[in-house]
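Chemist: Any chance you can model this:
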Amino acid sequence: MSRSSRTRTMLALAALSGVLAACVFVVSTRNEPKPLAKRPTEYRVRSAVRAHMTNGDVVVFHGGATVSPTTVTGIGQRFNVTRTLARPVTTVPVDSIVGLESFARYVNPRTLIYTPLGMFASAAAVIAIFGSCPTIYADSAGTQVLQAESFSYSIAALMSRRDVDLLNVRPDGNGVVRLEVRNEALETHYVDQFELLEVRHSADELVVPAARTSPIAVRELFSAPSVRDSRGRDVTRHVARVDDAEFTSDPALLDDAAAGVVPPTDHLDIAVPRSALAGSDSLALVLTMRSSLMSTVIFYEYMLARPGARSLDWLAEDLSRITSVAQVARWYTDNFGLRVQVRDGTEWKQVVRLMDFGPAAWRNVAAVIPPVRGDTVHLRLAFVPDEFQIDRIALSTSFRSVQPRAVPVARVLASDGTRRDDAREFLRAADDRQLVTEPGNRYFAEFDVGRSATPRTYLLAADGYYVEWLRPSWMREAGGPPFSTSTTKLDILRSWRASKDTLEARFFRNRVPVL
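Modeler: Numbers count the residues shown, from 1 in each chain. Purely as a prediction, here's the structure:
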């Protein structure tokens, strides 16, 4: 999809609410599914199906396949791990599959695919719930440290959009910023562009991406004087600084909300005396936060697992239509996300809604608060109970908008250090040429920023989307109807409360091996 087409798509939504490191093959894939026929114990998926096997092979059913709880059957070709040899096949056992995805393939040199040898050497034992979307790392004293999760909510091509994350990186002695990009989940990533944004600023300023505007540089940050949650708990110290004492919703509130005893809402009320603003009417709110795994439950359980094989066509067909995408987007924004509100007299007025947070990396984001009346400025952060973890709430009356310098990718290196100029060209512009990666893939993107004594902050702008793989356990189910936007917050909370402890215990332990 061209950048202009994506722009039209996002405006419409708003209105409605390769093989080896040294080898490459170039094709282009897109989802072009057809209607799904339901049978008593099996489903006929009419879009093309690709089965990723536990030994690294891939079986492609170009004419679709019949998916039962035990087998996937159709006229297919089985490619070995290097994708150099193929043989005909008609049936594969579900137990031998790591993941299943629907697609339509046509020859067009717009997509570059990496598939490293042996990436599924131990995949049969892997349950991937580390997260979704590319994870970005940078070196810190010899250790790769997680920096960001890019386009974590872009689950289909029509949802592809530019995502900006703050990085904690410095250029090396040669003026090079080097990032490691990983695919650590059972999904296919379609990366359209990576671009580094450089902001030069004074030593006492902190640069933060801001909602609905360009990044801002803030100085003289101070902690919120008073923060209380919806049950009256004083949580000021939990959000005073970046540490190990982040805010989470009261477990009793989650229990009551999941039981339907109380409304499914939580909030943090922030009170700032006018005297703390030093005569200024302007105020910037700076948050350090991340999502819980509740979004994972929504996507995995309700959108994919419960429908079973039917969700292959939902991903491929429904999410390729702007009306369906708009309906899903409107349902999600109506029910979830963090609402930043300000009290004006007796009314709470929304300033902005923050949506795009992943569950692994802490994210910094700012919101500019309009001038309000009264001796005290009252802010409210409203959200579904247990939807977010918030580590810091900070405020500033001294801030300015900044315009970053865009730095394109200078080099791309495969995991073995091989330079890949073809991949670099695919990542330098948002032009519908996509670098496609699969679980276990990793590569390095380098940016030439030069040397400078002036303080500089870097942000990563990423454009792309990802396609989730169906797990064998999901395919074994009989399969319910496709995801419905009639699903309520109460439904989600009940499922989240039932699975929360297990998911959180396994989250960082069970990750796709990175080769």
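Chemist: Double-check Thr376 against Val272; I have them as touching.
Modeler: Yes: with contact defined as C-beta atoms under 8 Å, Thr376 reaches Val272; the gap is 6.6 Å. C-beta: built from backbone N, CA, C; applies to glycine.
Chemist: Please parse the protein into its domains.
Modeler: Recorded structural domains for the chain (assignment: automatic domain parsing) are 3-199+407-506, 206-293+336-401.
Chemist: partner strands of the host helix or strand of Asp163, parallel or antiparallel?
Modeler: Per DSSP states H and E, Asp163 falls inside strand 161-167. Strand pairing for strand 161-167, determined by DSSP bridges: strand 456-468 (antiparallel).
Chemist: can you list the weak-confidence ranges in this structure?
Modeler: 1-40, 104-132, 478, 508-515 (pLDDT under 70).
Chemist: so how far is Gly464 from the residue sitting nearest the centre point of it?
Modeler: Residue closest to the average C-alpha location in the chain (C-alpha atoms, centre = their mean): Ser152, at 0.9 Å. When distance is defined by C-beta to C-beta, to the nearest Å, Ser152 is 11 Å away from Gly464.
Chemist: Same question for Thr376.
Modeler: Applying C-beta to C-beta, the value for Thr376 to Gly464 is 43 Å.
Chemist: which one of those two has more residues nearby?
Modeler: Gly464 (25 against 14; other C-beta atoms under 10 Å).
Chemist: which phi and psi does the closest residue to that one other than its chain neighbours have?
Modeler: Leaving aside its chain neighbours, Gly464 sits nearest to Val191 (4.2 Å; criterion: C-beta to C-beta, 6 or more residues apart in numbering). Torsion angles at Val191 (phi, psi; degrees, to the nearest 10) stand at phi -100, psi 120.
Chemist: Helices of this protein, residue ranges please.
Modeler: Taking DSSP state H as the criterion, the chain contains helices spanning 3-15, 251-258, 294-297, 310-316, 322-335, 421-427, 472-476, 489-506.
Chemist: Pull out the buried positions in the longest one.
Modeler: Residues 489, 492-497, 499-500, 503 are the ones in helix 489-506 that count as buried (16 or more other C-beta atoms under 10 Å).
Chemist: helices and strands around it, which ones?
Modeler: helix 251-258, helix 294-297 (3 or more C-beta pairs under 8 Å, 6 or more residues apart in numbering; DSSP states H and E).
Chemist: Tabulate the ones you listed (CSV), appending distance to Asp431 and mean neighbour count.
Modeler: CSV is the format used below for these (distance: least, C-beta to C-beta, whole Å; neighbours: other C-beta atoms under 10 Å):
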stretch, distance to Asp431, mean neighbour count
helix 251-258, 45, 18
helix 294-297, 30, 22
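Chemist: Dump those helices to JSON lines, plus distance to Val365.
Modeler: Listed next are the helices and strands packed on helix 489-506 as JSON lines, based on distance: least, C-beta to C-beta, whole Å:
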{"stretch": "helix 251-258", "distance to Val365": "24"}
{"stretch": "helix 294-297", "distance to Val365": "16"}
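Chemist: Go through those and name the closest to Val81.
Modeler: Proximity to Val81 (C-beta to C-beta) singles out helix 294-297 among the helices and strands packed on helix 489-506, at 28.9 Å.
Chemist: ok, back up a step: please convert the helices of the chain to a markdown table, extending it with distance to Val436.
Modeler: Output for the helices of the chain, formatted as a markdown table (distance: least, C-beta to C-beta, whole Å):
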| stretch | distance to Val436 |
| --- | --- |
| helix 3-15 | 18 |
| helix 251-258 | 38 |
| helix 294-297 | 23 |
| helix 310-316 | 16 |
| helix 322-335 | 21 |
| helix 421-427 | 9 |
| helix 472-476 | 23 |
| helix 489-506 | 27 |
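Chemist: Please identify which of the ones you listed is closest to Glu195.
Modeler: Of all the helices of the chain, helix 421-427 sits nearest to Glu195, with 8.6 Å by C-beta to C-beta.
Chemist: ok so, going back, now the domains of the chain as JSON lines including distance to Leu304?
Modeler: Formatted as JSON lines, these follow (distance: least, C-beta to C-beta, whole Å):
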{"stretch": "domain 3-199+407-506", "distance to Leu304": "6"}
{"stretch": "domain 206-293+336-401", "distance to Leu304": "15"}
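Chemist: what's the closest of these to Asp313?
Modeler: Nearest of the domains of the chain to Asp313, taken as C-beta to C-beta: domain 3-199+407-506 at 4.2 Å.
Chemist: now that closest one, how far from the centre of its chain.
Modeler: 11 Å (C-alpha atoms, centre = their mean, to the nearest Å).
Chemist: again with stretch 181-200
Modeler: With C-alpha atoms, centre = their mean, you get 10 Å for stretch 181-200.
Chemist: Closest to Pro385 out of the buried residues of helix 489-506?
Modeler: Leu493 (6.9 Å).
Chemist: what's that closest one in contact with, if anything?
Modeler: 254, 257-258, 264, 384-386 (C-beta atoms under 8 Å, 6 or more residues apart in numbering).
Chemist: Skip the chain neighbours and tell me the closest residue to it.
Modeler: Leaving out its chain neighbours, the residue that sits closest to Leu493 by C-beta to C-beta, 6+ apart is Ala258, at 4.4 Å.
Chemist: Am I right that the one you found is in contact with Arg494?
Modeler: Yes: using C-beta under 8 Å, Ala258 is in contact with Arg494, at 5.0 Å.
Chemist: Who does Asp139 form a beta bridge with?
Modeler: Residues in beta-bridge contact with Asp139 (DSSP bridges): Gln144.
Chemist: ok, it - how many residues close by?
Modeler: Asp139, neighbours per other C-beta under 10 Å, totals 13.
Chemist: Against Gln147, how distant is it?
Modeler: To Gln147, Asp139 is 10 Å away according to C-beta to C-beta.
Chemist: How about Val181?
Modeler: For Val181 relative to Gln147 (C-beta to C-beta), the value is 10 Å.
Chemist: what's the overlap in contacts for the two?
Modeler: Counting by C-beta under 8 Å, 6+ apart, the contacts common to Val181 and Gln147 are 136-137.
Chemist: Which of the domains of the chain sits closest to Tyr302?
Modeler: domain 3-199+407-506 (5.8 Å).
Chemist: which residues touch Ile393?
Modeler: Contacts of Ile393 by C-beta under 8 Å, 6+ apart are 223-224, 227, 239-240, 268, 270, 285-287, 381.
Chemist: ok, of the residues you listed, which one's closest to Ala361?
Modeler: Nearest to Ala361, judged by C-beta to C-beta, of these is Leu287 at 13.8 Å.
Chemist: Based on its surroundings, how many neighbours for the residue nearest to that closest one when sequence neighbours are not counted?
Modeler: In this structure, Leu287 finds its nearest non-sequential neighbour in Val365, 5.6 Å apart by C-beta to C-beta, 6+ apart. The number of residues packed near Val365 is 23, by other C-beta under 10 Å.
Chemist: What of Leu268?
Modeler: Using other C-beta under 10 Å: Leu268 sits among 25 other residues.
Chemist: Check which residues of stretch 471-483 are buried.
Modeler: Result for stretch 471-483 [16+ other C-beta under 10 Å]: buried residues 471-472, 474-476, 479, 482-483.
Chemist: list the contacts for Leu197?
Modeler: With C-beta under 8 Å, 6+ apart, Leu197 has these contacts: 164, 215, 404-407, 458-461.
Chemist: hmm, which of these are the buried ones?
Modeler: Applying 16+ other C-beta under 10 Å to the contacts of Leu197 flags 164, 215, 404, 407, 458-461 as buried.
Chemist: Tell me which two in those are the farthest apart.
Modeler: Spanning the widest gap among these are Pro215 and Val407, at 14.5 Å by C-beta to C-beta.
Chemist: rewinding a little: of the contacts of Ile393, which belong to strands?
Modeler: Taking DSSP state E, the ones among the contacts of Ile393 that sit in strands are 223, 227, 268, 270, 285-287, 381.
Chemist: ok, the residues you listed vs Ala157, which is closest?
Modeler: Distance to Ala157 across the ones in strands among the contacts of Ile393 (C-beta to C-beta) is lowest for Leu287, with 29.8 Å.
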